[in-house]
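A.B. asks: Need the 3D shape of this:
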Amino acid sequence: MPDPVWVVGAGGLLGRGLVSVLKSRGHDVLTSSIPWNDAAAAKAALAAGAEQLRTLADGRPWVIAWCAGAGVTGTSQSELDSELEVFKATLDSVAEILCTPGSAPGRFFLASSAGGVYAGAPDPPYTEESTPQPLAPYGFAKLAAEQAVTGFAATSGTRVLIGRVANLYGPGQNLAKPQGLISVFAKAYLTGQPVSVYVSLDTLRDYIFIDDAAALIADCIDRLSGSDVVTGQAVTKIIATQRADTIGALIGACKTVFKRRPRIVLGASPYAKAQAHDLRLRSVVWTELDNRPFTPLPVGIDATVRDMQTLRSASGSL
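C.D. replies: Alright, predicted model coming up:
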């Protein structure tokens, strides 16, 4: 029987996608409702979740997939500090509850951000061997979380996977968060509103559809059980299509789907300086897992728009 998995952040785009994939593969999946706006209550709820996972595992190996995090490039330092504090407290709880002497081994997946950690790095395309160089507090927070979970791996004996995820998109993206250009374009198409773009149209990004990202991450979590991964090791893997598109090409793909060009307004933003111009990505870790078809951009955009149309029909707004 596949190991039980606790998905933290199951309400977000990545978390929901991963829950779906894991359930389809026969995993018992645990999710938790976490009061993220109250740090003390969040820590208590997460400690309770670790207890629930121990009960569910019942002596078997276990998996935790951390897909939580409300931070974006413009998130304040205090909010990011609070998120990191809660994450570190959870690692302490997991070590105390699930990593006791004689307990079954565990695996831990942390969703990080390729764009956040490589934003200021030279010489793209970036690989797992590239030295991270964040530009914004968001990227530094992601890097700090990576460092925390690497330390957790070494002290607890847990095998850890750090997934540096490219630009994720697809049905179910949180439209209230100021991120996800594809979802922003789709919403603008449905509402007739223009889109403000704060970076040049030749800016390069790697856009990965949620279903593809979730399936790749699930395969990586399985791969973490391999005999070549030692107890207490942290493996970093880029989760991307490894194909970069310009924003201009993205606009062209949207035009193909929408049957008209999105209304674009070029503007300025203080956050633009924290955005890399070229974020091409290339993985050199577990490359055999990357040999798969990825959803073409127009197909993924169309699925995103259809989901929004369904939501709009059900609620009357976006």
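
A.B. asks: Residue 18 contacts residue 65, doesn't it?
C.D. replies: Yes. Here residue 18 reaches residue 65: they are 5.7 Å apart, a contact under CB atoms under 8 Å. The way it works is simple: take the backbone N, C-alpha and C, and place the C-beta from them, glycine included.

A.B. asks: what's the overlap in contacts for these two?
C.D. replies: Common neighbours of residue 18 and residue 65 are listed as 7, 217 (criterion: CB atoms under 8 Å, 6 or more residues apart in numbering).

A.B. asks: quick one: low-confidence ranges for the stretch 1-150 of the chain?
C.D. replies: Residues of the stretch 1-150 of the chain that meet the criterion pLDDT under 70 lie in 72-74.

A.B. asks: Residue nearest the middle of this protein, spatially speaking?
C.D. replies: Central residue of the chain (CA atoms, centre = their mean): residue 111, 4.6 Å from the mean position.

A.B. asks: residue ranges with poor pLDDT in the stretch 151-300 of the chain?
C.D. replies: Checking the stretch 151-300 of the chain against pLDDT under 70 turns up 177-179, 271.

A.B. asks: The same query, at a cut-off of 50, please.
C.D. replies: The model of the stretch 151-300 of the chain has no residue with pLDDT under 50.

A.B. asks: show me where it has helices.
C.D. replies: 181-191, 210-223, 247-258, 297-315 (DSSP state H, counting those that start in this stretch).

A.B. asks: Would you format those as TSV with distance to residue 274 and mean neighbour count included?
C.D. replies: Converted to TSV, these look like this (distance: least, CB to CB, whole Å; neighbours: other CB atoms under 10 Å):
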stretch	distance to residue 274	mean neighbour count
helix 181-191	15	21
helix 210-223	23	21
helix 247-258	16	18
helix 297-315	25	16
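
A.B. asks: Of all these, which one is nearest residue 141?
C.D. replies: With CB to CB as the measure, helix 210-223 is the member of the helices of the stretch 151-300 of the chain nearest residue 141 (20.4 Å).

A.B. asks: doesn't residue 253 make contact with residue 297?
C.D. replies: Yes. Between residue 297 and residue 253 there is a contact under CB under 8 Å: 4.5 Å.

A.B. asks: So for the two, which residues contact both of them?
C.D. replies: residue 245.

A.B. asks: can you tell me the helix or strand for the residue nearest to the centre of the chain?
C.D. replies: In this assignment (DSSP states H and E), residue 111 forms part of strand 106-113.

A.B. asks: Report the backbone C-alpha coordinates of that strand in PDB.
C.D. replies: Coordinates of the C-alpha atoms in strand 106-113 are reproduced here as PDB (Å, rounded to 0.1, in the frame of the first residue of the first chain):
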ATOM      1  CA  GLY A 106       9.700   9.700   6.500                       C
ATOM      2  CA  ARG A 107       9.900  11.800   3.300                       C
ATOM      3  CA  PHE A 108       9.300  15.500   3.100                       C
ATOM      4  CA  PHE A 109       8.600  17.600   0.000                       C
ATOM      5  CA  LEU A 110       9.000  21.400   0.100                       C
ATOM      6  CA  ALA A 111       7.600  23.500  -2.700                       C
ATOM      7  CA  SER A 112      10.000  26.400  -3.300                       C
ATOM      8  CA  SER A 113      10.100  29.000  -6.100                       C
END
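
A.B. asks: Going C-terminal from that strand, what's the next secondary structure element?
C.D. replies: Next in sequence after strand 106-113, counting helices and strands by DSSP H and E, comes helix 114-118.

A.B. asks: contacting residues around that following helix?
C.D. replies: In contact with helix 114-118 (CB under 8 Å, 6+ apart) are residues 73, 124, 126, 130, 132-134, 136, 138-139, 141-143, 146, 164-167, 205-206, 238-240, 276, 279, 281.

A.B. asks: Next step: those restricted to strands.
C.D. replies: 164-165, 167, 205, 238-239 (DSSP state E).

A.B. asks: Centre of the chain to the strand holding residue 111, how far?
C.D. replies: From the chain centre to the centre of strand 106-113 is a distance of 10 Å (CA atoms, centre = their mean, to the nearest Å).

A.B. asks: likewise stretch 237-247?
C.D. replies: 13 Å.

A.B. asks: end-to-end on it?
C.D. replies: Terminal residues of stretch 237-247 are spaced 25 Å apart (CA to CA, to the nearest Å).

A.B. asks: Quick check: buried residues in it?
C.D. replies: 237-242, 244-245, 247 (16 or more other CB atoms under 10 Å).

A.B. asks: ok, the nearest residue to residue 184 once chain neighbours are set aside - how many residues close by?
C.D. replies: What sits nearest to residue 184 in space, not counting adjacent residues and going by CB to CB, 6 or more residues apart in numbering, is residue 195, at 5.7 Å. Neighbourhood size, residue 195 [other CB atoms under 10 Å]: 18.

A.B. asks: State the distance from the residue nearest to residue 136 when sequence neighbours are not counted to residue 80.
C.D. replies: For residue 136, ignoring the flanking residues on the chain, the nearest one in space by CB to CB, 6+ apart is residue 274 at 3.7 Å. Separation of residue 274 from residue 80 (CB to CB, to the nearest Å): 13 Å.

A.B. asks: If anything else comes up later, I'll come back, but that's it for now.
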